[in-house]
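> A structural model of the following input is requested.
(one chain, ligands or ions: 1)
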Amino acid sequence: MSFTPAAYPAIRLRRTRASTWSRAMHAEHRLSPADLIWPLFVTEGKQVEEPIKSLPGVSRWSVDRIVERAREGVDAGIPCLALFPNTQPDRRSDDGVEALNPDNLMCRAIRAIKDAGLDVGLLTDVALDPYTAHGQDGLIDEAGYVVNDATVDALVGQALNQAAAGADIIAPSDMMDGRIGAIREALEQEGHANVQIMAYAAKYASAFYGPFRDAVGSGGLLKGNKKSYQMDPANMGEALREVALDIAEGADSVMVKPGLPYLDVVARVKDSFNIPVFAYQVSGEYAMIEAAVAVGAGEREALVLETLMSFKRAGCTGVLTYHALDAARLMAR
Ligand code: PBG
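As a prediction, this is how the structure comes out:
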């Protein structure tokens, strides 16, 4: 008797796809609102909403209205919000010292959401770009080079300032060497042992960040680029080294950023390390989907859910996305 490998017609992979119930039963991944982290932009004032032109559908909100957004997110099942401040121009300086002000916009937003008693995690970005007059994520020397170690000292101060205000997850997005270990040590010493660190571990020098820089008001200020610290899109091995180092330095979870063009990195990180991996579907990716919808190139709900599913399939524990509120509401239907 010779062995015949099972093949058509005994095997028809279309059988399990033939009905809605069967597709539901065989789905390998599922989306839920708990997969989502919702980035929100904060601005000065009261009862303010400032739409962001390059991010249609996304606005900056004053602190009072951020609390309303937070409540909407919680009601939709979103477990965590990522906050970004649009610092007033007169509070930006070369040393970005406003990042250390306990009453800066970020800290006031953190406290307002916590004071509202909402059961939601607050993830706060650590990097100096919303506070510097030159738009770089760190301190620069005379040549404009972002200096590493002095920047790390400033980032430690920024992280402690956010933790003291009530941040739950510190998310360094600056890509300086050694910052995760330095921040972890400072958090332990200052009584913030349970404050998590989500490291922007593999963050690429990407053309997809443009609308975000508009949103936090740093785009027009930035001279040059961020290539001396953000990674080359050509590199995979370096991403794995970055992740390994951040884990060794004490990161609780790691992030890959941007998202869709880097799903291969997500998958490699997930396969290589036993650690929660998040992806940031960044502003330019959001804008691309909205632009496609605006010209009739696709259906919004389907594009949003399909791209989010791709993150799950690649191995993500969760995704930061500007579509979070809409997506969470769609998932609940
Ligand atoms: C700042 C920061 C950036 C983003 C998150 N944190 C921009 C940058 O590095 O220039 C981008 C997010 C997005 O594009 O949605 N360090």
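> all contacts plus neighbour counts: C-alpha atoms, from now on.
Will do.
> list the buried residues for the top helix by length along the chain?
When the chain is scanned for its longest helix (criterion: DSSP state H), the result is helix 148-165. The neighbour-count check on helix 148-165 (16 or more other C-alpha atoms under 10 Å) flags 148, 151-152, 154-165 as buried.
> show me the shaky parts of the stretch 51-200 of the chain.
Scanning the stretch 51-200 of the chain for pLDDT under 70 picks out no residues.
> from Ala133, how far out is the residue of it at minimum distance from the ligand?
Distance from the ligand to each residue of the stretch 51-200 of the chain (C-alpha to the nearest ligand atom) is smallest for Ser173, at 4.7 Å. For Ser173, the distance to Ala133 (C-alpha to C-alpha, to the nearest Å) stands at 18 Å.
> up against the ligand, what does the stretch 201-333 of the chain have?
Taking C-alpha under 6 Å from any ligand atom, the part of the stretch 201-333 of the chain that reaches the ligand is made up of Phe208, Tyr209, Phe212, Val282, Ser283.
> so which of those belong to helices?
The helices, defined by DSSP H, take in Phe212, Ser283 from these.
> any chance of the residues of the stretch 201-333 of the chain next to the ligand in JSON lines with neighbour count and pLDDT as columns?
Shown next, in JSON lines, are these (neighbours: other C-alpha atoms under 10 Å; pLDDT from 0 to 100):
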{"residue": "Phe208", "neighbour count": "20", "pLDDT": "97"}
{"residue": "Tyr209", "neighbour count": "16", "pLDDT": "96"}
{"residue": "Phe212", "neighbour count": "19", "pLDDT": "94"}
{"residue": "Val282", "neighbour count": "23", "pLDDT": "98"}
{"residue": "Ser283", "neighbour count": "23", "pLDDT": "98"}
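> so what's the residue count around Lys203?
25 (other C-alpha atoms under 10 Å).
> ok so, going back, Ser173 and Ala133: who's more crowded?
Ser173 (22 against 19).
> for that one, which non-adjacent residue is spatially closest?
Tyr200 (5.0 Å; C-alpha to C-alpha, 6 or more residues apart in numbering).
> in a helix, that's where that neighbour is, yeah?
No - checked against DSSP: H, G, I helix; E, B strand; the rest coil, Tyr200 lies outside a helix; its state is strand.
> surely it and Pro258 touch.
No - counting by C-alpha atoms under 8 Å, Tyr200 stays clear of Pro258, with 10.1 Å between them.
> tell me which helix or strand Asp214 sits in.
Using DSSP states H and E, Asp214 falls within helix 210-215.
> just the CA atoms of that helix, as CSV, please.
Extracted in CSV, the C-alpha atoms of helix 210-215 (Å, rounded to 0.1, in the frame of the first residue of the first chain):
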residue,chain,number,x,y,z
GLY,A,210,4.4,64.1,9.8
PRO,A,211,0.8,64.7,11.1
PHE,A,212,1.8,63.9,14.7
ARG,A,213,4.5,66.6,14.5
ASP,A,214,1.7,69.0,13.4
ALA,A,215,-0.4,67.8,16.3
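> send me stretch 73-82 as PDB with only the CA atoms.
Only the C-alpha atoms of stretch 73-82 are listed here, as PDB (Å, rounded to 0.1, in the frame of the first residue of the first chain):
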ATOM      1  CA  GLY A  73     -12.900  55.600  25.700                       C
ATOM      2  CA  VAL A  74     -13.600  53.800  29.000                       C
ATOM      3  CA  ASP A  75     -17.300  53.300  28.000                       C
ATOM      4  CA  ALA A  76     -16.200  51.800  24.700                       C
ATOM      5  CA  GLY A  77     -13.900  49.300  26.600                       C
ATOM      6  CA  ILE A  78     -10.500  50.900  25.800                       C
ATOM      7  CA  PRO A  79      -8.100  50.100  28.600                       C
ATOM      8  CA  CYS A  80      -5.400  52.700  28.100                       C
ATOM      9  CA  LEU A  81      -4.900  56.200  26.800                       C
ATOM     10  CA  ALA A  82      -1.600  57.700  25.400                       C
END
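> would you tell me whether it gets close to the ligand?
No - Stretch 73-82 is not in contact with the ligand by C-alpha under 6 Å from any ligand atom; minimum separation 9.7 Å.
> check which helix or strand the residue nearest to Asp119 when sequence neighbours are not counted maps to.
Counting by C-alpha to C-alpha, 6+ apart, Val74 is the residue found nearest to Asp119 once chain neighbours are left out, at 7.3 Å. Per DSSP H and E: Val74 is located in helix 63-75.
> buried sites along that helix?
Neighbour counts over helix 63-75 (16+ other C-alpha under 10 Å) mark Val63, Asp64, Arg65, Ile66, Val67, Arg69, Ala70, Arg71, Gly73, Val74 as buried.
> doesn't Ser283 make contact with Phe212?
Yes - counting by C-alpha under 8 Å, Ser283 is a contact partner of Phe212 at 5.5 Å.
> which residues do these two both contact?
Counting by C-alpha atoms under 8 Å, 6 or more residues apart in numbering, Phe212 and Ser283 have no contacts in common.
> now do the SS call for Cys316.
From three-state DSSP, the assignment for Cys316 is coil.
> who's in contact with it?
By C-alpha under 8 Å, 6+ apart, the contact set of Cys316 is Val266, Ala267, Lys270, Pro276, Val277, Phe278, Ala279.
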